[in-house]
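Q: Quick one: sequence and predicted model below, then my questions.
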Amino acid sequence: MLRTETVVATRETPVRAAGVDRNETPGSGRVQSIDIVRGAVMLLMAIDHVRVYSGLPAGGPTPGIFLTRWITHFVAPAFIFLAGTSAFLHGRKQADTRALARFLVMRGLWLVLLELTVLRVAWTFNFDFGHYLLAGVIWVIGWCMVLLAGLIFLPVRVLAAVGLVIVLGHNILDRFVPGLFALLEKSHWGWLWQVLYLGGPMQIGEHGPTLFVLYSIVPWVGVMALGYVFGRVMFMDEPMRRKTCLALGTASIVAFLVLRGFNLYGDPRPWAAPSANAQSPNASRSSATAPTTTASPAAQQSAPATPPKRPQAPAWIHSSTPRSTRLLCSSC
C-alpha cells in the first residue's frame with residue numbers, strides 16, 4: 001500500500017504544509033486522519049473475514065451477523081479511495097508527473113504479483129497454483145494504480161468527471177449481465193470484459209488454472225481516480241477541509257442508504273425480506289452450520305484425491321464475490 005505522505009518542511013524551513021492538522025507529528029510525513037480511517041476499516045475487514053472462515057452466511061442468521069457484513073461496505077471503497085489520495089500526496093514529493101506514473105506502475109504490478117502468490121497461499125493454505133488463482137482486492141488495487149498512472153496526466157476536472165461517470169454509471173449494464181456474458185463467452189475478448197467489468201472465473205489457456213476475478217477493475221478505477229482528486233482537499237485550510245469532508249461523507253452515506261434501501265439503483269441483486277416460512281430459526285441455524293459442498297481452504301492442501309478437471313474453488317468465494325461472480329461460479 002502507498003505511504004500516506006504529504007509535503008513537509010525541511011529543517012531550514014520549519015513552516016508546516018498547508019492543510020496538515022496541528023496534531024500531526026512534526027516531520028513524520030503522515031496524515032493521521034487518513035491513518036485512523038485505514039485502521040478502522042482494517043478492523044472491520046478482520047471482523048468480516050472471521051465470519052467468512054466461520055462459515056456463516058453474509059446475510060444472517062442473526063442481526064449481528066447481518067450488520068457485520070453490511071458495515072464492510074465501507075472497507076474496499078475506503079482502501080481504494082485512500083490509495084488514490086495517497087498517490088496524490090506522494091506525487092507532491094516527486095520531481096514531475098512522469099516520476100509518479102512510474103512509481104504507480106511499479107507499485108501496482110508488485111501488488112498484483114503479491115495477490116497471485118503470497119495472498120493466494122494466505123487465503124487457501126495450499127500451493128495448488130495449477131488449478132485456480134484468486135484475483136481479490138489487492139489485485140484490483142494494483143491494476144487500478146497502473147491505470148491511474150495514465151489518468152493523472154488528465155486535467156483535474158476531467159479526471160474527476162471520469163471518476164464520477166464510472167462510479168455512478170457502472171451499474172447501468174447490470175440487468176444485461178447474463179446476456180452480455182453469454183454473448184462474450186465465445187468472443188476472443190471475453191476475458192478482457194471479465195477482468196474489466198463482469199468478474200467471475202476465467203480459464204487461463206487450454207490447460208491452465210482458472211482465475212477467479214473477485215474484484216473487477218470497473219468501478220474501482222473510478223473510485224481510485226476520485227480519491228486522487230480528493231487529495232487536493234487535504235491541502236485546504238483546516239475549517240474548509242473539515243466542512244468539505246463532512247459534506248462529502250454525509251452525502252455519500254445518505255445516497256447509499258436511499259438508493260440501496262429502496263432498491264432504486266446500484267444493486268444487481270435487489271434485496272427482499274425473507275418469508276416467515278422460509279426463515280424459521282431452525283432453518284437459519286442449520287443453513288449457517290451445514291457443511292459446504294466443496295472442501296474448506298485448509299483441507300485442500302492435504303486432500304489425496306485427484307483434482308477434478310474443473311477446479312473447485314473455496315466455499316467462501318461463492319458468498320463473498322461481487323457482481324456476477326456468484327452467478328458464474330455456480331457452474332464450477
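A: Right, received. Where do you want to start?

Q: Buried ones in stretch 227-234, by neighbour count?
A: When neighbours are counted by 16 or more other Cβ atoms under 10 Å, the buried residues of stretch 227-234 are found to be 227-231, 233-234. In this view, the C-beta of every residue, glycine as well, is placed from N, C-alpha and C.

Q: For the helix or strand where Pro239 lies, give the mean pLDDT please.
A: Here Pro239, judged by DSSP states H and E, is contained in helix 238-261. For helix 238-261, the per-residue pLDDT values average out at 94.

Q: same question, stretch 189-206
A: On average, stretch 189-206 scores 88.

Q: can I get the CA coordinates of the helix holding Pro239 in CSV?
A: Coordinates of the C-alpha atoms in helix 238-261 are reproduced here as CSV (Å, rounded to 0.1, in the frame of the first residue of the first chain):
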residue,chain,number,x,y,z
GLU,A,238,-8.5,23.2,8.2
PRO,A,239,-12.0,24.6,8.7
MET,A,240,-12.8,24.3,4.9
ARG,A,241,-11.3,20.8,4.8
ARG,A,242,-13.4,19.6,7.7
LYS,A,243,-16.5,21.1,6.2
THR,A,244,-15.8,19.6,2.8
CYS,A,245,-15.1,16.1,4.2
LEU,A,246,-18.2,16.2,6.4
ALA,A,247,-20.4,17.2,3.4
LEU,A,248,-19.0,14.6,1.0
GLY,A,249,-19.1,11.8,3.6
THR,A,250,-22.6,12.6,4.7
ALA,A,251,-24.0,13.0,1.2
SER,A,252,-22.4,9.7,0.1
ILE,A,253,-23.8,7.7,3.0
VAL,A,254,-27.3,9.1,2.7
ALA,A,255,-27.3,8.5,-1.1
PHE,A,256,-26.2,4.9,-0.5
LEU,A,257,-28.9,4.3,2.1
VAL,A,258,-31.6,5.8,-0.1
LEU,A,259,-30.6,4.0,-3.3
ARG,A,260,-30.0,0.6,-1.8
GLY,A,261,-32.6,0.8,0.9
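
Q: ok now it, how far from the chain's centre?
A: Centroid displacement of helix 238-261 relative to its chain, using Cα atoms, centre = their mean, to the nearest Å, is 20 Å.

Q: and the buried residues of stretch 227-234 as JSON lines, adding pLDDT and distance to Ile65?
A: Listed next are the buried residues of stretch 227-234 as JSON lines, based on pLDDT from 0 to 100; distance: Cβ to Cβ, whole Å:
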{"residue": "Gly227", "pLDDT": "97", "distance to Ile65": "30"}
{"residue": "Tyr228", "pLDDT": "98", "distance to Ile65": "35"}
{"residue": "Val229", "pLDDT": "97", "distance to Ile65": "36"}
{"residue": "Phe230", "pLDDT": "97", "distance to Ile65": "32"}
{"residue": "Gly231", "pLDDT": "95", "distance to Ile65": "36"}
{"residue": "Val233", "pLDDT": "95", "distance to Ile65": "35"}
{"residue": "Met234", "pLDDT": "93", "distance to Ile65": "36"}
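
Q: Let's have these in CSV, adding distance to Gly91 and secondary structure.
A: Shown next, in CSV, are the buried residues of stretch 227-234 (distance: Cβ to Cβ, whole Å; DSSP: H, G, I helix; E, B strand; the rest coil):
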residue, distance to Gly91, secondary structure
Gly227, 12, helix
Tyr228, 9, helix
Val229, 12, helix
Phe230, 13, helix
Gly231, 8, helix
Val233, 15, helix
Met234, 12, helix
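
Q: quick one: which of those residues is nearest Gly130?
A: For these, the closest approach to Gly130 (Cβ to Cβ) belongs to Gly227, at 36.3 Å.

Q: Now tell me which helix or strand of this protein has the poorest mean pLDDT.
A: Lowest mean confidence among the helices and strands of the chain (mean pLDDT, DSSP states H and E): helix 297-300, at a mean of 29.

Q: pLDDT averaged over stretch 162-180 - what is it?
A: Averaging pLDDT along stretch 162-180 gives 88.

Q: Distance from the chain centre to that stretch, please.
A: With Cα atoms, centre = their mean as the basis, the mean position of stretch 162-180 lies at 16 Å from the chain mean.

Q: Can you show me the CA trace of it as PDB?
A: Coordinates of each C-alpha in stretch 162-180 appear next as PDB, following Å, rounded to 0.1, in the frame of the first residue of the first chain:
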ATOM      1  CA  VAL A 162     -14.200  10.300 -15.500                       C
ATOM      2  CA  GLY A 163     -14.300   9.000 -11.900                       C
ATOM      3  CA  LEU A 164     -17.800  10.200 -11.300                       C
ATOM      4  CA  VAL A 165     -19.100   8.700 -14.600                       C
ATOM      5  CA  ILE A 166     -17.500   5.300 -13.800                       C
ATOM      6  CA  VAL A 167     -18.700   5.200 -10.200                       C
ATOM      7  CA  LEU A 168     -22.300   6.500 -10.900                       C
ATOM      8  CA  GLY A 169     -22.800   4.800 -14.200                       C
ATOM      9  CA  HIS A 170     -21.300   1.400 -14.000                       C
ATOM     10  CA  ASN A 171     -24.400  -0.300 -12.700                       C
ATOM     11  CA  ILE A 172     -26.400   0.600 -15.800                       C
ATOM     12  CA  LEU A 173     -25.400  -2.600 -17.500                       C
ATOM     13  CA  ASP A 174     -26.200  -4.900 -14.500                       C
ATOM     14  CA  ARG A 175     -29.600  -6.000 -15.900                       C
ATOM     15  CA  PHE A 176     -27.900  -7.100 -19.100                       C
ATOM     16  CA  VAL A 177     -25.000  -9.100 -17.400                       C
ATOM     17  CA  PRO A 178     -26.400 -12.600 -18.100                       C
ATOM     18  CA  GLY A 179     -27.000 -11.900 -21.800                       C
ATOM     19  CA  LEU A 180     -23.700 -10.000 -22.100                       C
END
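
Q: No more questions from me, cheers.
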